[in-house]
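Visitor: structure here, sequence nowhere to be found:
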């Protein structure tokens, strides 16, 4: 790992001016607008992060962000019990996806630009943890700052997005905590953004019609007492869990073919790159010629002999110069047993730790590396957006069955970029898993304070 980081910094010293290295992720105006521009420019969509090609800031700054808004809970039957170190149940993992929708009560950090091809950000986002978020009532700006009680409900799992990015003409590299998704599906079956973030080194190089992407992911090795007993019943007892992902894309005219491998190494240093504890192999095929995008992805576990597949179609219209309208449909089928394993370090799950004082809890979140709604699932996703340079309207309806329980996720979001106060956001979210329900709407803005 140290050698890889050294190579990364040597590359920085040899950088040349080319384009922006800032990255984009779903949930922002810029992401959907840049994705649409790329597709109409003939660039195949094969996942994220995306490079922010329209970035015009290029100014380093120290940044403070303060929220202003209100959230109303229409229905909430979700309960996160306190307790010692324990892994959460499937329904709790399902609802913990709301973490990505929380508004931080304070962001603090910096953005750094060097010319246009080197970018870094380190922003600490202070958020409530999942257990207090579902336990306490929604808060407005007065409730957040009227006393110090919010400090006892703040998770220490931060920052959730911080990285160093270098972008050259034919290659790019990222080091840090970021979401990742590989392949044409909105919810990838091989490596997806089910996790809040991955601690990763991500290298990509383009040669003629081929693109090679290599990602090394470092994962949380901590376990519960029961898991320690299972792991130490084997010879693989080193506190070590890493994932190595490799992907090759071949593009010809409007067709893109992607081949991917994911190898999990745990409990001991591997003797060779093929000495894996668990693995996935994937293939995806995409036809993209505006205004249509048709695609298919398959991910197979050769050790468990389990399979998953998904397919979809997207129609992306451009009625005006800076206006895009997208409609998307996807279907997924994921076998039971494709990610799970009896040995803790062999499980294809990314673990994060949440430490909360009120209520007192130490939680392990195990997010599947692949499909967002986990194995043993059949699901449908219907989504769409209207995107321009300064505003976004987004709709999502995902539903199906996971581990025998029916689930549903409905989201409506509106974001407007307003000068001086950044964005004004409206959200309506309805989540259902079995008999549990969570239903809210919110309106928030963020006041940014930048020292340049």
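Guide: Received it, and whenever you're ready, just let me know what you need. Keep in mind the model is a prediction, meaning the values are calculated, not measured.

Visitor: the helix or strand harbouring residue 214 - contacts with which helices or strands?
Guide: If you go by DSSP states H and E, residue 214 is part of strand 210-218. If you count contacts as 3 or more C-beta pairs under 8 Å, 6 or more residues apart in numbering; DSSP states H and E, strand 210-218 packs onto strand 198-207, strand 241-252. Quick note: C-beta positions are derived from backbone N, CA and C, even for glycine.

Visitor: what's in contact with the last one?
Guide: So the one you mean is strand 241-252. Applying C-beta atoms under 8 Å, 6 or more residues apart in numbering, the contact partners of strand 241-252 are 44, 46, 182, 190-191, 209-221, 256-267, 273, 345, 369.

Visitor: next: the shortest one.
Guide: With C-beta under 8 Å, 6+ apart as the test, strand 198-207 has contacts from 1, 4-5, 8, 170-180, 211-219, 350.

Visitor: can you tell me the strand partners of that strand and which way each runs?
Guide: When sheet partners are counted by DSSP bridges, strand 198-207 sits next to strand 171-178 (antiparallel), strand 210-218 (antiparallel).

Visitor: deepest-packed of those strands, please.
Guide: strand 171-178 (a mean of 20; mean count of other C-beta atoms under 10 Å).

Visitor: sheet partners, orientation included, of the very next helix or strand once past that strand?
Guide: Counting by DSSP H and E, the element after strand 171-178 in chain order, helix or strand, is strand 181-182. Using DSSP bridges, strand 181-182 pairs in its sheet with strand 47-48 (antiparallel).

Visitor: quick one: mean pLDDT for the partner strand?
Guide: Averaging pLDDT along strand 47-48 gives 94.

Visitor: following element in sequence after that strand, please.
Guide: Immediately after strand 47-48, counting by DSSP H and E, sits strand 50-51.

Visitor: so what does that next one touch, helix or strand wise?
Guide: strand 23-24, helix 29-40.

Visitor: who does it pair up with?
Guide: With DSSP bridges as the test, strand 50-51 is paired with strand 23-24 (antiparallel).

Visitor: contacts for the partner strand?
Guide: Residues outside strand 23-24 that contact it (C-beta under 8 Å, 6+ apart) are 30-31, 34-35, 48-52, 119, 163, 165, 174, 178.

Visitor: contacting residues for the closest residue to residue 434 other than its chain neighbours?
Guide: Once flanking residues are discounted, residue 434 sits nearest to residue 405: 4.2 Å by C-beta to C-beta, 6 or more residues apart in numbering. Applying C-beta under 8 Å, 6+ apart to residue 405 gives the contacts 90-91, 433-434.

Visitor: what of residue 122?
Guide: 109-110, 159, 162.

Visitor: can you list the strands that the helix or strand containing residue 355 pairs with?
Guide: Secondary structure assignment for residue 355, by DSSP H and E: strand 349-357. Strand 349-357 has the following sheet partners, assigned by DSSP bridges: strand 360-368 (antiparallel).

Visitor: and the contacts of residue 405 as JSON lines, adding neighbour count?
Guide: Output for these, formatted as JSON lines (neighbours: other C-beta atoms under 10 Å):
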{"residue": "90", "neighbour count": "17"}
{"residue": "91", "neighbour count": "18"}
{"residue": "433", "neighbour count": "22"}
{"residue": "434", "neighbour count": "14"}
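
Visitor: closest to residue 313 out of these?
Guide: Distances from residue 313 to these, taken as C-beta to C-beta, are shortest for residue 433 (27.1 Å).

Visitor: ok so, going back, among the contacts of residue 405, which lie within helices?
Guide: When the contacts of residue 405 are checked against helices (DSSP state H), the matches are 90-91.

Visitor: which of the contacts of residue 405 lies closest to residue 100?
Guide: Of all the contacts of residue 405, residue 100 sits closest to residue 433, with 16.4 Å by C-beta to C-beta.

Visitor: ok, and the closest non-adjacent residue to residue 29?
Guide: Per C-beta to C-beta, 6+ apart, closest to residue 29 is residue 392, 4.5 Å.

Visitor: that neighbour reaches residue 384, doesn't it?
Guide: No. Here residue 392 lies out of contact with residue 384, judged by C-beta atoms under 8 Å, at a distance of 11.4 Å.

Visitor: neighbour count winner among these two?
Guide: residue 392 (24 against 17; other C-beta atoms under 10 Å).

Visitor: now for the more buried one: which residues touch it?
Guide: Contacts of residue 392 by C-beta under 8 Å, 6+ apart are 28-29, 32-33, 385-386, 413-415.

Visitor: still on that earlier bit, name the helix or strand for the residue nearest to residue 29, please.
Guide: Applying DSSP H and E, one finds residue 392 within strand 391-402.

Visitor: what of residue 111?
Guide: Here residue 111 is assigned to strand 106-114, by DSSP H and E.

Visitor: who does that strand pair with, and is each partner parallel or antiparallel?
Guide: By DSSP bridges, strand 106-114 pairs with strand 61-76 (antiparallel), strand 118-126 (antiparallel).

Visitor: who's in contact with it?
Guide: Applying C-beta under 8 Å, 6+ apart, the contact partners of strand 106-114 are 12, 15, 57-66, 118-126, 159, 162, 446.

Visitor: just the buried residues out of these, in PyMOL syntax.
Guide: In PyMOL, this line selects whichever of the contacts of strand 106-114 come out buried by 16 or more other C-beta atoms under 10 Å:
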select buried, resi 15+61+63+65+66+118+119+120+121+122+123+125+126+159+162+446
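
Visitor: quick one on the thing from earlier: parallel or antiparallel, list what pairs with whichever helix or strand comes after the strand holding residue 392.
Guide: Later in the chain than strand 391-402, the nearest helix or strand by DSSP H and E is strand 405-418. In the sheet, strand 405-418 lines up against strand 391-402 (antiparallel), strand 422-433 (antiparallel) (DSSP bridges).
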